[in-house]
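In: Starting from these lines, generate the structure:
(one chain, ligands or ions: 1)
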Amino acid sequence: MKLIDGKATAAAIKEEIAAEVERIVARGGRRPHLAAVLVGHDGGSETYVRGKVKACGECGFRSTLIRYEDDVTEEELLGCVARLNADPEVDGFIVQLPLPPHIDEQKIIEAIDYRKDVDGFHPVNVGRMAIGLPCFISATPRGILELLRRYGVETGGKKCVVLGRSNIVGKPMAQLMMQKQYGDATVTVCHSHTRGLAEECRTADILIAAIGRPAFVGPEMVKEGAVVIDVGTTRVPDATKKSGFRLQGDVDFEAVAPRCSMITPVPGGVGPMTICMLMLNTLAAARHDCYA
Ligand code: GUN
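Out: Next up, the predicted model:
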């Protein structure tokens, strides 16, 4: 069994990005600029956004964090999105999800200029991704593709099972693994209502778990020699930790790892790659790689 080290891979990619930014600056260009909008004080969201701002520093990017309290109105948030859309100094921005229930998340996403949508959540980017056109690909699936590529995992013609059907991970992951220029695999999407879930998962050469249920995937769901990618990051109580919790993946790592040819740990697997791919998308936005 080989561990797929997302932390080390992300560190290497961030160094590559930083070197590219210094080349841009040396030629008289300006540093890529990412803005992040954070609403409220959800612990997970705070941690993610802090990580994104830190990664900007490591890549030589400029970053701006815009904070609102939980009681921000939809109009105020739409106003913020409009200002960021119009700001020529901002190359790309994200609105951290989830948003409070009184705000229509989809309305906010659709208000973002798709040319600055470095999360790849806008329907224009989702649609272009689905038909293989240049676009911003959402960071988690892009990070997983990059891990598979850098670890030499063959995907062409292989059987891939994606566990989960979220807009952020499951759906785009299945699309990308299916497409000729990315995974070129045979893809099955399983979810909470799939019949014979364990048998389906056992057919996978590559199993991507993104169902959001801690330690859901046990050894009975994994074929001997499979590559297992764990997207789960649920906070579970842990009295031995200073914070009082630890991150638990969707995979029962101890039980499943011995069956795998390769597996991602949690933390240190997919998570660091997600932030890193947001940096790559921001660099692409600054260079107008996807849209003029
Ligand atoms: N919430 C969980 N993951 C993400 C992400 O990748 N982007 C944003 N904006 N919010 C998230």
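In: only C-alpha atoms for contact and neighbour calcs from this point on.
Out: Noted.
In: Which residues does the longest helix along the chain contact?
Out: Assignment by DSSP state H gives helix 6-26 as the longest helix of the chain. Applying CA atoms under 8 Å, 6 or more residues apart in numbering, the external contacts of helix 6-26 come out as 30-32, 55, 58-61, 147, 264, 268-273, 276, 279-280, 283.
In: For the next helix or strand after it, name the packing helices and strands.
Out: Going down the chain from helix 6-26, the next helix or strand is strand 33-39, by DSSP states H and E. Strand 33-39 is packed against helix 43-59, strand 62-68, strand 92-95, helix 270-286, with contacts defined by 3 or more CA pairs under 8 Å, 6 or more residues apart in numbering; DSSP states H and E.
In: Show me which of the contacts of helix 6-26 are buried.
Out: Neighbour-count burial (16 or more other CA atoms under 10 Å) applied to the contacts of helix 6-26 gives 31-32, 55, 59-61, 147, 264, 268-273, 276, 279-280, 283.
In: residues touching the closest residue to Glu110 other than its chain neighbours, list them.
Out: Once flanking residues are discounted, Glu110 sits nearest to His122: 5.6 Å by CA to CA, 6 or more residues apart in numbering. By CA under 8 Å, 6+ apart, the contact set of His122 is 109-110, 112, 114.
In: gap between Gly244 and Thr233?
Out: From Gly244 across to Thr233, the span is 15 Å (CA to CA, to the nearest Å).
In: Check Met173 too.
Out: Applying CA to CA, the value for Met173 to Thr233 is 17 Å.
In: can you check Glu58 too?
Out: When distance is defined by CA to CA, Glu58 is 23 Å away from Thr233.
In: SS state for Leu207?
Out: Under DSSP: H, G, I helix; E, B strand; the rest coil, Leu207 falls in the strand class.
In: Could you give the number of residues near it?
Out: Using other CA atoms under 10 Å, Leu207 has 26 neighbouring residues.
In: For it, give its distance to the ligand.
Out: 20 Å (CA to the nearest ligand atom, to the nearest Å).
In: picking up where we left off before, for the helices and strands packed on strand 33-39, which one sits closest to the ligand?
Out: The ligand lies closest, by CA to the nearest ligand atom, to one member of the helices and strands packed on strand 33-39: strand 92-95, at 4.7 Å.
In: Am I right that Ala55 is in contact with Cys276?
Out: Yes. With contact defined as CA atoms under 8 Å, Ala55 counts as touching Cys276 (7.3 Å).
In: right, and Lys171 touches Arg165 too?
Out: Yes. Between Lys171 and Arg165 there is a contact at 5.2 Å, judged by CA under 8 Å.
In: so what's Gly268 scoring on pLDDT?
Out: Per-residue confidence (pLDDT) for Gly268: 97.
In: what residues are up against it?
Out: Contacts for Gly268 (CA under 8 Å, 6+ apart) come out as 5-7.
In: which of those residues count as buried?
Out: 5-7.
In: need the residues you listed in a markdown table with pLDDT, can you?
Out: Listed next are those as a markdown table, based on pLDDT from 0 to 100:
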| residue | pLDDT |
| --- | --- |
| Asp5 | 98 |
| Gly6 | 98 |
| Lys7 | 98 |
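In: can you give me the strands in the stretch 151-292 of the chain?
Out: 159-163, 186-190, 206-209, 227-230, 234-237, 245-248, 262-263 (DSSP state E, counting those that start in this stretch).
In: Arg128: which of those is closest?
Out: Nearest of the strands of the stretch 151-292 of the chain to Arg128, taken as CA to CA: strand 186-190 at 19.4 Å.
In: Now the closest one: average pLDDT?
Out: pLDDT averaged over strand 186-190 gives 98.
In: Export only the CA atoms of that strand, formatted as PDB.
Out: The C-alpha trace of strand 186-190 is given here as PDB (Å, rounded to 0.1, in the frame of the first residue of the first chain):
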ATOM      1  CA  THR A 186     -16.000   4.000 -17.000                       C
ATOM      2  CA  VAL A 187     -17.800   5.800 -14.300                       C
ATOM      3  CA  THR A 188     -20.600   4.800 -11.900                       C
ATOM      4  CA  VAL A 189     -22.100   7.300  -9.400                       C
ATOM      5  CA  CYS A 190     -23.400   5.900  -6.200                       C
END
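In: On the three-state scheme, the residue lying closest to Leu84 once chain neighbours are set aside is what?
Out: Excluding the flanking residues, the one nearest Leu84 by CA to CA, 6+ apart is Val90, at 6.7 Å. Under three-state DSSP, Val90 falls in the coil class.
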